[in-house]
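S.K.: no FASTA, just this:
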């Protein structure tokens, strides 16, 4: 029987499941974090059954979570489906990640996984742009040391702010790819502004961060919204599975 590894990244709006074999992601699916407990259990089983993901032979794995209330639900369901106790990442697991920040205990599981994957897969210095619920810029110096982050409102937060803080604008949940930087109606105007506002902020902040180094910088783009806008960044490395790869590498490094 083949052995597979399961990495699970639990974010504030999305849960990503990645199945690994021979160091490669062979299957991935994403679910909504805000599903009710029973809905989430059903969705996990349905996703496994309806995709080419392994139905058996999964014997190891790691959960990285920033939503503790969901973590135990998923851990129990993985135990029920595959029969093993999946490990849960905490910031004590990997002692070899170099950090030059005020309080390493503040580093979330998603950022830790991004750091580990980026430093193992790409040339330093590195700026990882993680387009999730919030946009995170993760800065790694030429010695592979994590030296800080910059946070910026994400796509969903920007849409929510407009809908909730104005009387006449609608509440929108998501955006789409846009070809021109303006809209001819209210919804398209909101969507185009957030789309190109995100593009501009990513380019601008990465350009500012570049000036911290006197050498070429690797720019890595990841996160839930990266799939939507990665075509706007020709010089960036697009790695949608970066966080999942980091979880895999972290678990491989646990002794």
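M.R.: Perfect, thanks for sending it. The structure presented is a predicted model; accordingly, all values stated were derived computationally and were not measured. Numbers count the residues shown, from 1 in each chain.
S.K.: counting contacts, what elements does whichever strand or helix holds residue 190 pack onto?
M.R.: Under the criterion of DSSP states H and E, residue 190 resides in helix 186-210. Using 3 or more C-beta pairs under 8 Å, 6 or more residues apart in numbering; DSSP states H and E, the elements in contact with helix 186-210 are strand 126-131, strand 134-140, strand 146-153, helix 155-165, helix 226-229. Where C-beta positions appear, they are placed from N, C-alpha and C, glycine not excepted.
S.K.: Quick check: which of those is buried the most?
M.R.: Neighbour counts (mean count of other C-beta atoms under 10 Å) averaged over each of the helices and strands packed on helix 186-210 peak at strand 126-131, with a mean of 25.
S.K.: relative to helix 186-210, how tilted is it?
M.R.: On the basis of axes from the mean of the first three to the mean of the last three C-alpha atoms, to 10 degrees, strand 126-131 is oriented at 160 degrees to helix 186-210.
S.K.: Compute the inter-axis angle for strand 126-131 and helix 155-165.
M.R.: Using the same axes, to 10 degrees: strand 126-131 against helix 155-165 is 40 degrees.
S.K.: Quick one: mean pLDDT over stretch 42-50.
M.R.: For stretch 42-50, mean pLDDT is 96.
S.K.: How about stretch 214-232?
M.R.: 92.
S.K.: That one: how far from the chain's middle?
M.R.: 12 Å (C-alpha atoms, centre = their mean, to the nearest Å).
S.K.: again with stretch 133-141
M.R.: That offset, for stretch 133-141, works out to 11 Å (C-alpha atoms, centre = their mean).
S.K.: cool, stretch 23-38 as well?
M.R.: Centre-to-centre, stretch 23-38 and its host chain are 12 Å apart (C-alpha atoms, centre = their mean).
S.K.: May I have the distance across it, first residue to last?
M.R.: 32 Å (C-alpha to C-alpha, to the nearest Å).
S.K.: what about the helices and strands packed on helix 186-210, which gets the closest to residue 219?
M.R.: strand 126-131 (5.5 Å; C-beta to C-beta).
S.K.: What distance do you get for the residue positioned nearest the centre of the chain to residue 47?
M.R.: Closest residue to the average C-alpha location of the chain: residue 223 at 3.8 Å, with C-alpha atoms, centre = their mean. According to C-beta to C-beta, to the nearest Å, residue 223 stands 20 Å off from residue 47.
S.K.: Ok, residue 192 next?
M.R.: 32 Å.
S.K.: In terms of neighbours, single out the busier of the two.
M.R.: residue 192 (19 against 16; other C-beta atoms under 10 Å).
S.K.: what's the least confident stretch among the helices and strands packed on helix 186-210?
M.R.: helix 155-165 (a mean of 78).
S.K.: For the helix-or-strand element of the chain with minimal mean pLDDT, which helices and strands make contact with it?
M.R.: Within the chain, no helix or strand scores below helix 155-165, which has a mean of 78 by mean pLDDT, DSSP states H and E. Other elements packing on helix 155-165 under the criterion 3+ C-beta pairs under 8 Å, 6+ apart are helix 186-210.
S.K.: ok, the helix or strand that the helix it packs on is followed by: who's next to it in the sheet?
M.R.: Counting by DSSP H and E, the next helix or strand C-terminal to helix 186-210 is strand 218-222. Sheet pairing of strand 218-222 (DSSP bridges) gives strand 126-131 (parallel), strand 237-238 (parallel).
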